[in-house]
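In: Sharing a model prediction with you, sequence too.
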2 protein chains.
Amino acid sequence: MKLNNQLLVCSIFLLSIFNLNSNVDAKIRHYRWEVKYEFKSPDCFKKLVITINGRSPGPTILAQQGDTVIVDLKNSLVTENVAIHWHGIRQIGTPWADGTEGVTQCPILPGDTFRYQFIVDRAGTYMYHAHYGMQREAGLYGSLRVALPDGEVEPFSYDYDRSIILNDWYHKSTYEQAAGLSAVPFVWVGDPQSLLIQGKGKFDCSKPGVAATDCNATNPECSPYVFTVVPGKTYRLRIGSLTALAALSFEIEGHNMTVVEADGHYVEPFVVKNLYIYSGETYSVLVTANQDPSRNYWAVSKMVSRNNTTPNGLAIFNYYPNHPKRSPPTVPPSGPWWDDVNSRVNQSLLVKSHPNYIHPVPKTSDRVIVLLNTQNRIDGGIKWSINNVSFTLPHTPYLVSLKQNLLHTFEQTPPPDVINGYETYNISEVAPNVNATTSNSLYRLKFNSTVDIILQNSNTLSVKNSETHPWHLHGHDFWVLGYGNGKFNATEDPKKYNLVNPIMKNTVAVHPYGWTALRFVANNPGVWAFHCHIESHFYMGMGTVFEEGIEKVGTLPSSIMGCGDTRRFIKP
Amino acid sequence: MKLNNQLLVCSIFLLSIFNLNSNVDAKIRHYRWEVKYEFKSPDCFKKLVITINGRSPGPTILAQQGDTVIVDLKNSLVTENVAIHWHGIRQIGTPWADGTEGVTQCPILPGDTFRYQFIVDRAGTYMYHAHYGMQREAGLYGSLRVALPDGEVEPFSYDYDRSIILNDWYHKSTYEQAAGLSAVPFVWVGDPQSLLIQGKGKFDCSKPGVAATDCNATNPECSPYVFTVVPGKTYRLRIGSLTALAALSFEIEGHNMTVVEADGHYVEPFVVKNLYIYSGETYSVLVTANQDPSRNYWAVSKMVSRNNTTPNGLAIFNYYPNHPKRSPPTVPPSGPWWDDVNSRVNQSLLVKSHPNYIHPVPKTSDRVIVLLNTQNRIDGGIKWSINNVSFTLPHTPYLVSLKQNLLHTFEQTPPPDVINGYETYNISEVAPNVNATTSNSLYRLKFNSTVDIILQNSNTLSVKNSETHPWHLHGHDFWVLGYGNGKFNATEDPKKYNLVNPIMKNTVAVHPYGWTALRFVANNPGVWAFHCHIESHFYMGMGTVFEEGIEKVGTLPSSIMGCGDTRRFIKP
């Protein structure tokens, strides 16, 4: 029961190098990965999956703070490009290694090997995943865990450390899903067919219309994930979510969980029975094996925040020496109601910085950007818009365009800091004018300025419907200043901001009909995506991009070029 | 009932230009195409199809001898590259426009627009299709028809001119098929689910396991293709085959067909009841509407040369003014036996040059290359090999590598002109040593030399099995010197070559356990693929490449570069 066997370190050079932290013991963690399509049955249903070295989830990267991670990524997809994002790594000094196609790099062509090289400058729980089209949900993802430097300890103790990633799983290909989302009339991806816990789920192969050749309930690939524990021991369980759509509740039958870390930052510990986790988030929880050790227990992931048909994901919390496959004698916990918004908001509010690890938040900001999300109709299709602009990625990466002054490659008129008529906008109703436009323009931020982002939720195109959106910021952590119901009040609400012990995160949810306020300092030279982490939502335009300090970015590697207008650089 | 409405000429400049034929009335035929994935139901079963401007088959290109065709191809696939080959166009002077990924160009990235520009220097019936991975069978194909110059006439007469393409159709995606072909253990693509006539087929939606949401027998997209004729009139029907796997027999119930053209060359006319046509071939046949005009007739395509489960494809040969959808009162002809090899060989032998249009064939050759095809096991998978070398494409296009001297990008040891031990090789049995190697090496031909190719068929990995392989040569037509049974005898068989009136073609079949002898002059500077046109066979290694006169190739456009080792040319 070793998660660590997922590690594939091809070579670790015990080489002392200088890095940002001047950590003289920093190592180079060098991985060689090959990406290709293979048939896998993660939930017993056989489908094409993008694997890394034959696996999905891919190898877990284990490193130590200050280390340099090198991933030589060979693309062995036949006709398809790829790019991988290192989710939660700020890429300080290496904005070209962020892995965001269209923002920081051209996609990697079949046959090419691209070198990702970056420093993991802060201990914590991170992830990696494809950031190109909708490839993430084809199975291209994994864990990235950064340990503290030697001699440093966390503000909590545990006996063992484990990483799992929660996911949802579709049987249709990403091509089919993307084609539907772009089609007129619009075809929605629908509910996922199953939920995966560390790459394993269980689809009901006996459903009508499911061919026996496609689905085999006894395939060992879809035996449930087993988390084996020794009675009395305490486990640090690092939980990440990379769902395509689902907001999840995760619980371990009969066991409380103490939340101690969120997105790489220590949390003022709090105890939960079930952990709500949104796509793009990571948490560390402590679990003590303090229940009746003569049996096993269920671990359950459940889709919440949308009424849905997706069965719960199940894993086995196995008390050693019980057999790991022995089913618990109980009915799995059914989890919270999908529509219990209050419970989810309340848990969001509990996530605050550990008192000994507070990063002081600037008391004021230089700029406030209010991002009102609406669902709109454009050219007969359905899109998400921010301030009535549905975001599209350019085919020339912004990072290259901005650094090399290829400004004709994207629209230069920036999107608005607040939508016209925001004061009178009724977020509780369908947008009065559902028309919107598409644009690939971005926000240019003054270097080192402090920026507030207000995520303002609203009603979708369906009456009385508002969804939960987890927003992920590349290149930064932000302080979570507050959450509120209804429309943000620019005069009153900032008075209630938590400026004492706000947590820093890279992903945060905006709840239905609510707002979420963030603050960050634009001090990382580069170009950074900020988007809803629901893959179909970003594909439908729910995102934007920030530029800051482009003039301070070092010489760009030519490896990120070669597409779009950067083809002009090809000079034989 | 106009096939001509498939024409989408965005702009035709009535511009007099100089071209190779000094045809002062040559025009520029300028097309703007957008390639993307859309859901289509060509055989009633809904699947993702690669379309051009919303259609599959794509627009028919209509041009006149000497015209310049310009296709600005925009890739709107989300994460997938593309390349299009102009099948039968020799690309004299424009080898970089041949559209063969890995040979003449890098693939076209999503978002990019690639300009194909070439002269159609000879009247005839041609086609275009994807030449990247297995994209062709995703539906990316169409017709290219080149008319004679004004004032010239064919050596036969007809009232109307029509083009159709025959195809086979799979319901699994090209990704799934390719993944299976590369898998260990090997997963064969199996028989196609249906046969298409000009993009229309009929799958049986009532089969068990077929969901009503996926298959709708009344969808107009899969109404049969209708070929409307006026009683008494004669039609030139241009028939191309772009099947992924199937060799076909095509017939029109109750009507003889007179074969008058093959691959752009006039044939000494001969009459057939059914036309055998192999993937990559084109034929023009004359059909006179001389039967009882009070009813409609079936047109049938049938898969031959492999025992198979694929139902025949059906179209309606509609006598005006009968309703075009009125079913003929008869049972459709069942076509020839799939295993009637003699009948197919005999028809191959009938295809000779029209006496007034003989291109004199050189009486001797400078070099003879014997290509023995075998089926082999490599690293646990199954591959096709030529002289025990299974061909793989490099990721840097040969054309660029050779012209720019990037010779480290592919293996420099050329493949053998004849396999060691050919004299004693028993083609009637499974290869005694089924091991082979993969290689991306190529044949370098002396410029202007005359080269003979002997395609030598043999037994597959299954006892008593040999398949039919249609081989297609890029950049040239070749003379078909002869066909034979069994093993080629280098002393005796050349004495029987047809040096009087051999047909010139770009695609020719080698029949089971037989050989086919070709001759061509290596007089077209460039790098040219030569391969089995069965898409899965080429994917499995059944092909090779010829270089000739690389030093005479003009300056390469940088638009074909940007992948593999040509990334070194990116200099911002």
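Out: Sure thing, it's come through. The shown structure was predicted, so the numbers you read here are calculated from the model rather than taken from an experiment.

In: per-domain residue ranges of chain A.
Out: Domain assignment for chain A by automatic domain parsing gives A:3-152, A:165-356, A:358-569.

In: Mind putting these into JSON lines with mean pLDDT and distance to chain B?
Out: Quick note: C-beta positions are derived from backbone N, CA and C, even for glycine. Shown next, in JSON lines, are these (pLDDT from 0 to 100; distance: least, C-beta to the nearest C-beta, whole Å):
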{"stretch": "domain A:3-152", "mean pLDDT": "89", "distance to chain B": "3"}
{"stretch": "domain A:165-356", "mean pLDDT": "97", "distance to chain B": "5"}
{"stretch": "domain A:358-569", "mean pLDDT": "97", "distance to chain B": "3"}
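
In: how about these, which one is nearest residue B:358?
Out: domain A:3-152 (41.9 Å; C-beta to C-beta).

In: part of a strand, is residue A:287?
Out: Yes: Residue A:287: assigned to a strand according to DSSP: H, G, I helix; E, B strand; the rest coil.

In: neighbours around residue A:115, how many?
Out: The local packing of residue A:115 (other C-beta atoms under 10 Å in any protein chain shown) involves 12 other residues.

In: For it, give me phi and psi.
Out: phi -100, psi 120 (degrees, to the nearest 10).

In: just checking, it touches residue A:68?
Out: No: applying C-beta atoms under 8 Å as the test, residue A:115 and residue A:68 come out as separate, 11.4 Å apart.

In: quick one, what contacts residue A:540?
Out: Counting by C-beta atoms under 8 Å, 6 or more residues apart in numbering or on different chains, residue A:540 touches A:181, A:382-384, A:390.

In: change it to 6 Å
Out: A:181, A:383-384 (C-beta atoms under 6 Å, 6 or more residues apart in numbering or on different chains).

In: Nearest to residue B:63 among those residues?
Out: Set against residue B:63, the nearest of the contacts of residue A:540 by C-beta to C-beta is residue A:181 (37.3 Å).

In: can you count the residues close to the closest one?
Out: Quick note: residue A:181 (other C-beta under 10 Å) scores 21 neighbours.

In: phi, psi of it?
Out: Dihedral pair for residue A:181: phi -70, psi -30, per degrees, to the nearest 10.

In: swap in residue A:569?
Out: Torsion angles, degrees, to the nearest 10, at residue A:569: phi -80, psi -10.

In: Then residue A:191?
Out: With angles defined as degrees, to the nearest 10, residue A:191 sits at phi -80, psi 150.

In: Which residues are in contact with it?
Out: The contact partners of residue A:191, taken as C-beta under 6 Å, 6+ apart, are A:308-310.

In: How about the contacts made by the residue sitting nearest the centre point of chain A?
Out: Residue closest to the mean C-alpha point of chain A, counted by C-alpha atoms, centre = their mean, is residue A:280 at 2.1 Å. For residue A:280, the contact set (C-beta under 6 Å, 6+ apart) comprises A:470, A:472, A:507, A:533.

In: can you redo those residues as a markdown table with secondary structure and neighbour count?
Out: Shown next, in a markdown table, are those (DSSP: H, G, I helix; E, B strand; the rest coil; neighbours: other C-beta atoms under 10 Å in any protein chain shown):
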| residue | secondary structure | neighbour count |
| --- | --- | --- |
| A:470 | strand | 24 |
| A:472 | strand | 23 |
| A:507 | strand | 24 |
| A:533 | coil | 27 |
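
In: can you put those in a markdown table and add distance to residue B:233?
Out: Listed next are the contacts of residue A:280 as a markdown table, based on distance: C-beta to C-beta, whole Å:
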| residue | distance to residue B:233 |
| --- | --- |
| A:470 | 66 |
| A:472 | 66 |
| A:507 | 69 |
| A:533 | 63 |
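
In: for the stretch 101-250 of chain A, what spans make up the helices?
Out: Applying DSSP state H, counting those that start in this stretch to the stretch 101-250 of chain A gives helices spanning A:174-182.

In: Residue A:124 contacts residue A:265, correct?
Out: No: using C-beta atoms under 6 Å, residue A:124 makes no contact with residue A:265, being 7.1 Å away.
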